[in-house]
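Novice: sequence below, structure please.
(chains A and B)
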Amino acid sequence: MTRVYVTGLGVVSSLGFGRENFFRSILESKSGLSPIESFDTEKLGRSIGGEVKGFKPRDFLTAAESRRMGRCSAYAVAASRMAVEDAKLFPQQLQSERVSVIVGTTMGEGDVITELEQAWIHKGVDAVETAKLPRYGTTLLPIHIARALGARGMVQTLPAACAAGNYAISFAADLIRAGRADVVITGASEILQQLQFAGFVRLGAMAPERCQPFDKNRKGMIIGEGAGILVIESEKHALKRDAKLLAEVAGCGLACDAHHITRPHPEGTGSLYAMTQAILSSGIKPEEVDFINAHGTGTHSNDKIESYIIHQIFGDRKVPVSSLKSMLGHCMGAASALEAVACVMTVETGIYTPTLGYETPDPECDINLVADKPVEGKAEIVLNNSLAFGGYDATVTFAKPGRLPEWRPSTLQ
Amino acid sequence: MAAVDSSVNPLAITGLGVVSSIGVGREAWILALKDCEKARARAFRGAPTVLSAEAAPGAIAAEVWDFDASLYLGNKGLRNFDRLTRFLIVAGKLALEDAGLKKDGEQRAIRAERIGVCSATAYGSLDSITELLKVSELEDPRYVNPARFPNTVINSAAAYLSIWEDLRAPNTTVVDGNCGALDAILTCETHLYNTRADVFLVGGGEILSDPLYVAFKKLGILAEADAAFAPGLPESRGMRLGEGAVYLCVERSADARRRGAEMRAEIVGYGNAFEPPSSEAVLVHASKSAIQRAIQMALQDASLDRTQVDIACLSANGIAQFDRPEREALAEIFGPDIAIAVPKSIYGETLGASGAFGIAAVLSWFEGVPAAPLICGAVPKHPLRALVVTVGFYGNASAVVLSRGPIVRKRGEA
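Specialist: Numbers count the residues shown, from 1 in each chain, chains lettered A, B, ... in the order given. From the prediction side, this is the model:
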């Protein structure tokens, strides 16, 4: 079975565009959280988000592309272009039936449907602009990317809520291992929009100012937006074109809590299974894991359960753990994709990303948190965790190229 | 033709659950299909009750009439489920029971940890988004109901299915427009052969809603009033929307045999493709080339040649722009004699779920019931192999090859 490698990364985020800017901001412990400008938050009692500022579609898209797509697709296409440039893939290498696009999201083009519905609600059905209708549809994200790059293989959206990025990366790697693609453009994209923001406020899940994962006084999450895109390819394809191998996409673990639509299972059964599966299907043991990028939303229940699961798997061994949501906010579908980009860069650089806002240890979150500042350390095996809405659990393992034993598929049951 | 380095591993369909405009449950579905004209009349029997007269005056659509989820699920816990969630849970429950995997709410044969969901939809949460946006716009965003908010997330309906039926293996929602349900089969195959589960509910659902209807009406592609609705035929002047949900219980064929499950069919080939339009200005389009590639990949995957396919179940929905290239692609691959069925003429366009409805139609052919009007060719008395095609609105296409299960052949029916 072929190995699968990450060879390119692209980012649109509140911490910057492109992987270098993104990771530099993280290492400087910058926060991407700021007052939201794209919609009115006055009535909602919360006004902070991980909003992408200064994104100009025409910096990345053609005029025709700008006209035919919404902001979520624009982020995805922009990040995809950065990723293929980073991978040094030429157009003729992308214009192939062996190149697929698999991306995740939670709400897709939420701003498009909001605009259409607002016209309908306030001005009547005749005010709905027909030309804008085809812009709506979660289906369109990978279509727009495929068209921008010339890819002609499978196009698919996996809307797996806050685990969408990890779901997409897992399936993309599966496609390559099964021989159905040589290269897959994968990751996820999400935008901030008012209905989603209002819904999380109404769920009582939103913090007023800061996101403080694993802190005793954490007050909830802050939502964000952006796109994280990875170019992944088969070992044969990557070596043939002498591509730089940034990290290996090792095992993955997927499960469903089947417990509650918004709350994690009280014993974390699904996530425990997903993390365990991600480790074992990589052909490694828990003691070989060097760093965990936690889901770490900053909500009481998520952080408590995730800490419990980490303790269940690693026992008294204190694996370094961090949560980027303290800087980016919770970017929903794009969260685990953006965090995957950071995981790959941690593998590349040997630097653990920090968690901001950690002030008071929580006895219920007894983990080795990388707080405030980045830390250098061994980073050959890194786990990327996501515990999503709907009870979706997904963990992906990234490894330093050459670090893993011969590939063996999971037999865990 | 696209190179395929590996074939889809054999998958057995061991259960079928249907919520449709012509009946709920496998038996009702097959019974209804025995008389296609009657089934079509039932599906399009009057003004849809789920569409408002204001948004959809004079609408013609195939509604799941008089649907009452409580008949199948009881009264408790349904209050905040939207229509799609109710469809999916009922279809999933019926499929599990049909496969003998659940009875009276209890898991049988296979543990909850080993059963997952691969579910497709194209516009799944649209009605719930509309519902909450109206509250937000006309009243106040602070009045958005937190218990209804989860319905705005597109994977929520499938997630509720896992919660309701206690299915703890991976739950994956797939969105690829009209191709979603067929693509969900590949997702399921991938999970099964990576041993992430032993059984998946595979299929999907779609519902009628005002915004969906208004969108297609404004795009001018609905066959309304006296306009001809004849999928696959040149005289058709548009499509009619439908709704419903279909789930198949799918497992590794060897495991299905081992547990003595009745195999209603095997999935033996899969293919998909995407082709951009020739013009940058175009977004909505059908690609004959992509359709051909998807079909050829599926045939190659199944190690079949074109003469071994007894029936092709088309994606044709009545929109000439899409039906024509599909017919042309079929003709170029199979010649003029292949039997072509157009099941959407009975129950309308079910979008993300349509591939699963196509498979459900083929299963009834395999059980000896002619499932859909043929617009070309003739089907043998006991068809053995069928092709199901789906064509997306953006240049994407998928195809699946089904084969009658060996248990059926043992009975001497093949």
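
Novice: only C-alpha atoms from now on, for both contacts and neighbour counts.
Specialist: Will do.

Novice: how about low-confidence regions in chain A?
Specialist: Across chain A, the ranges flagged by pLDDT under 70 are A:407-413.

Novice: break it into its domains for me.
Specialist: Using automatic domain parsing, the domain parsing of chain A gives A:4-240, A:251-399.

Novice: chain B is nearest to which of the ones you listed?
Specialist: domain A:251-399 (4.0 Å; C-alpha to the nearest C-alpha).

Novice: please see if the closest one touches chain B.
Specialist: Yes. Contact of domain A:251-399 with chain B (C-alpha under 8 Å from any C-alpha of the partner chain) involves A:254-262, A:270, A:389-392.

Novice: mind listing the strands for the stretch 251-400 of chain A?
Specialist: A:291-293, A:320-322, A:351-352, A:368-369, A:375-376, A:381-387, A:392-399 (DSSP state E, counting those that start in this stretch).

Novice: could the ones you listed go into TSV alongside mean neighbour count?
Specialist: Formatted as TSV, the strands of the stretch 251-400 of chain A follow (neighbours: other C-alpha atoms under 10 Å in any protein chain shown):
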stretch	mean neighbour count
strand A:291-293	26
strand A:320-322	25
strand A:351-352	24
strand A:368-369	18
strand A:375-376	14
strand A:381-387	29
strand A:392-399	31
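
Novice: can you list these in a markdown table and add distance to B:S303?
Specialist: What follows is the strands of the stretch 251-400 of chain A, written out as a markdown table (distance: least, C-alpha to C-alpha, whole Å):
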| stretch | distance to B:S303 |
| --- | --- |
| strand A:291-293 | 44 |
| strand A:320-322 | 49 |
| strand A:351-352 | 49 |
| strand A:368-369 | 53 |
| strand A:375-376 | 53 |
| strand A:381-387 | 39 |
| strand A:392-399 | 34 |
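
Novice: and B:L384, which of these is closest to it?
Specialist: strand A:392-399 (38.1 Å; C-alpha to C-alpha).

Novice: that closest one packs against which elements?
Specialist: The contact analysis (3 or more C-alpha pairs under 8 Å, 6 or more residues apart in numbering or on different chains; DSSP states H and E) places strand A:392-399 against helix A:164-177, strand A:247-256, helix A:269-280, helix A:335-349, strand A:381-387.

Novice: the stretch 301-414 of chain B: strands as residue ranges?
Specialist: Assigned by DSSP E, counting those that start in this stretch, the stretch 301-414 of chain B shows strands spanning B:311-313, B:339-341, B:374-376, B:385-391, B:396-403.

Novice: remind me which residues of chain B are low pLDDT?
Specialist: Applying pLDDT under 70 to chain B flags residues B:1-7, B:405-414.

Novice: which single residue of the stretch 251-400 of chain B ends up nearest chain A?
Specialist: Closest approach between the stretch 251-400 of chain B and chain A, counting by C-alpha to the nearest C-alpha: B:F274, at 5.0 Å.

Novice: didn't that residue look like it was pressed against B:G392?
Specialist: No. If you go by C-alpha atoms under 8 Å, B:F274 and B:G392 don't touch, sitting 9.2 Å apart.

Novice: and the closest residue to A:A148 other than its chain neighbours, what element?
Specialist: What sits nearest to A:A148 in space, not counting adjacent residues and going by C-alpha to C-alpha, 6 or more residues apart in numbering or on different chains, is A:V77, at 7.1 Å. Assigned by DSSP states H and E, A:V77 belongs to helix A:71-86.

Novice: beyond the helix or strand B:G17 falls within, next helix or strand please.
Specialist: B:G17 belongs to strand B:11-20 when assigned by DSSP H and E. The helix or strand immediately downstream of strand B:11-20 is strand B:23-24, counting by DSSP H and E.

Novice: neighbouring strands for that following strand, and are they parallel or not?
Specialist: Paired neighbours of strand B:23-24 in the sheet (DSSP bridges): strand B:11-20 (antiparallel).
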